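Peer 1: Have a look; sequence and predicted model below, questions after that.
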Amino acid sequence: MKKYPSQKLADVSDPFHQPYQTLNYIPSDYTVLHSVTINLSESKTNQRVSELKSTTSTAPRVLFLGSYPPRRCGLAKFLEDLTENYPGPYNVVAIDEQNVDPSSRNYSDKVIFRLNQQNRDDYYRVADIVNSEAYDVFNLQHEFNLYGGMVGEYVVNLLASIRKPVILTLHTIPSNPNTFYMSLTRAMCATSTRIIVLSERGRQLLIDVYGVNEEKISVIPHGVPDSPFAHSLADAKTKLGLEANMPTMTTFGLLHRNKNIQLTLKAMQTVVKTIPNVMYLIIGQTHPQIQMSEGESYRQELENNVTAYGLINNVRFINKYVNDNELLAYLGATDIFLTPYATDDQYVSGTLSWAVGLGKGVISTPYLYAKELLDNGRGFLTPFNDHLSLSSLIIKLFQNDEILKTARQNAYAFGRQMVWPVVGSRLQEICRELVSSA
């Protein structure tokens, strides 16, 4: 097998690496993580690594790094679904926030190590675990602010220290990055064997904006549940206590201001004049990081708007972190799903992926991912921050069932390539390719 030797970042042969070295915020010791002695002989980590090493499976053995349940965030849910659908042996390194109480999270046995976000020594430990004989491939799930150091710089040290094929999965790719984000993204790509993005727009951003070699990039869509198409929504609505024929819209996910739900509430003022029994379900608790910084102020603003706009009978807040079964129940009752984001700089959305994969009618503002996913009649776009256009589109779709039905069918058909078993198998194909060519 080809070795992937540790190297100083200055030795990485990538034409876009030099700008990262010259940034004045990079510490003087910013080189690869040198091996450290770790006593794993009596630890559960060593036991689980040994168990994976002795597996008889011929599939590549993968070590994943990212946030992981019971941590509550979109990436944690993504990684749980991805690993459960990876058709081969794997383990997980879960990243914890700096000040999290270790006893507050009970991870599954698949988690062999907990990396403290700002503890640099933990990154040394992860490098040693990856470089053991137990693993064939290392997959790092990345979004900004997840890893330690300034803008998450510790992750580049880690990637440059791995002597195995590295797959970097990018969940955030700013379309107009500042100097820090540009340089960090280039450095991560330079120290990775393969970069996975979740949409074609993401691939194009890496090529056009960041100058990444397109041969290193693979597109694997965001995964979705494999559920049957719902021809009738009546039963699902009655199970939730709604009227069987009630026009129902939803937005779901961890609540934060970027969801721009106030736009839909403004539009609802007009919608209820034509469709007085319409219901809008806002599903999900406030994002934990938002709770820490501003509490429930955004939710309170939305609730105040509901009262001020006279929508008390038309809007419900489901203020909880819903599990998959609960979410499928709510989406099963959904006629129209909305993502009314205020800006276009979002190259992927897990919530929009779910809605399309389940064959929902979808209205969205035209951010990057929505324009791609809703193309070819799979959904409907409305201008940014234009509540009058949004209200007109909602009314039009509820009054023209065949238009909505056709879009739902188009979305569901497209979503068959996004179901988690397909996504997991595609990842395994890439792992096999990298191992065979290493």
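Peer 2: Structure's in. What do you need?

Peer 1: continuing past the helix or strand harbouring L158, what's the next helix or strand?
Peer 2: Secondary structure assignment for L158, by DSSP states H and E: helix 154-160. Using DSSP H and E, the next helix or strand after helix 154-160 towards the C-terminus is strand 166-170.

Peer 1: Report the distance from that next one to the chain centre.
Peer 2: Put simply, strand 166-170 sits 13 Å off its chain's centre (Cα atoms, centre = their mean, to the nearest Å).

Peer 1: Return the very next helix or strand once past it as PDB; C-alpha atoms alone will do.
Peer 2: Going down the chain from strand 166-170, the next helix or strand is helix 179-190, by DSSP H and E. The C-alpha trace of helix 179-190 is given here as PDB (Å, rounded to 0.1, in the frame of the first residue of the first chain):
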ATOM      1  CA  THR A 179      -9.300  35.500   3.500                       C
ATOM      2  CA  PHE A 180      -9.400  33.100   6.400                       C
ATOM      3  CA  TYR A 181     -12.100  30.900   5.000                       C
ATOM      4  CA  MET A 182     -10.500  30.900   1.500                       C
ATOM      5  CA  SER A 183      -7.100  29.900   2.900                       C
ATOM      6  CA  LEU A 184      -8.400  27.300   5.300                       C
ATOM      7  CA  THR A 185     -10.500  25.600   2.600                       C
ATOM      8  CA  ARG A 186      -7.600  25.500   0.200                       C
ATOM      9  CA  ALA A 187      -5.300  24.000   2.800                       C
ATOM     10  CA  MET A 188      -7.800  21.400   3.800                       C
ATOM     11  CA  CYS A 189      -8.300  20.400   0.100                       C
ATOM     12  CA  ALA A 190      -4.600  20.300  -0.500                       C
END
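
Peer 1: Going forward, count from 381.
Peer 2: In the new count, where the first residue is 381, that last one comes out as helix 559-570.

Peer 1: Report the angle between helix 559-570 and strand 546-550.
Peer 2: Interaxial angle of helix 559-570 relative to strand 546-550 (axes from the mean of the first three to the mean of the last three Cα atoms, to 10 degrees): 140 degrees.

Peer 1: Mind giving me the packing neighbours of helix 559-570?
Peer 2: Applying 3 or more Cβ pairs under 8 Å, 6 or more residues apart in numbering; DSSP states H and E, one finds that helix 559-570 makes contact with helix 398-402, helix 534-540, strand 546-550. From N, CA and C alone the C-beta is placed, and that goes for glycine too.

Peer 1: I'd guess Q521 is in a strand, am I close?
Peer 2: Yes. Using DSSP: H, G, I helix; E, B strand; the rest coil, the assignment for Q521 is a strand.

Peer 1: Quick check: it vs D725, distance?
Peer 2: Remark: distance between Q521 and D725 (Cβ to Cβ, to the nearest Å) = 20 Å.

Peer 1: returning to what we had before: take the helices and strands packed on helix 559-570 and lay them out in TSV including distance to V695, mean neighbour count and mean pLDDT.
Peer 2: Formatted as TSV, those follow (distance: least, Cβ to Cβ, whole Å; neighbours: other Cβ atoms under 10 Å; pLDDT from 0 to 100):
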stretch	distance to V695	mean neighbour count	mean pLDDT
helix 398-402	47	14	32
helix 534-540	41	24	94
strand 546-550	35	23	99
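
Peer 1: now those as TSV including distance to A567?
Peer 2: Output for the helices and strands packed on helix 559-570, formatted as TSV (distance: least, Cβ to Cβ, whole Å):
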stretch	distance to A567
helix 398-402	4
helix 534-540	5
strand 546-550	11
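
Peer 1: for the ones you listed, which one sits closest to K619?
Peer 2: Among the helices and strands packed on helix 559-570, the nearest to K619 by Cβ to Cβ is strand 546-550 (35.8 Å).

Peer 1: what lines up beside the closest one in the sheet?
Peer 2: strand 517-522 (parallel), strand 574-577 (parallel) (DSSP bridges).

Peer 1: quick one: what helix or strand has the residue nearest the centre of the chain in it?
Peer 2: The centroid of the chain falls nearest to L455 when counting by Cα atoms, centre = their mean (4.4 Å). Assigned by DSSP H and E, L455 belongs to helix 454-464.

Peer 1: Please list the residues outside the next helix or strand after that helix that contact it.
Peer 2: Going down the chain from helix 454-464, the next helix or strand is strand 470-476, by DSSP H and E. For strand 470-476, contacts defined as Cβ atoms under 8 Å, 6 or more residues apart in numbering pick out 428-429, 432, 441-448, 451, 459, 463, 482, 485, 487, 490-497, 506, 509, 515, 526-527.

Peer 1: Could you tell me the average pLDDT over strand 470-476, please?
Peer 2: The pLDDT scores in strand 470-476 average 96.
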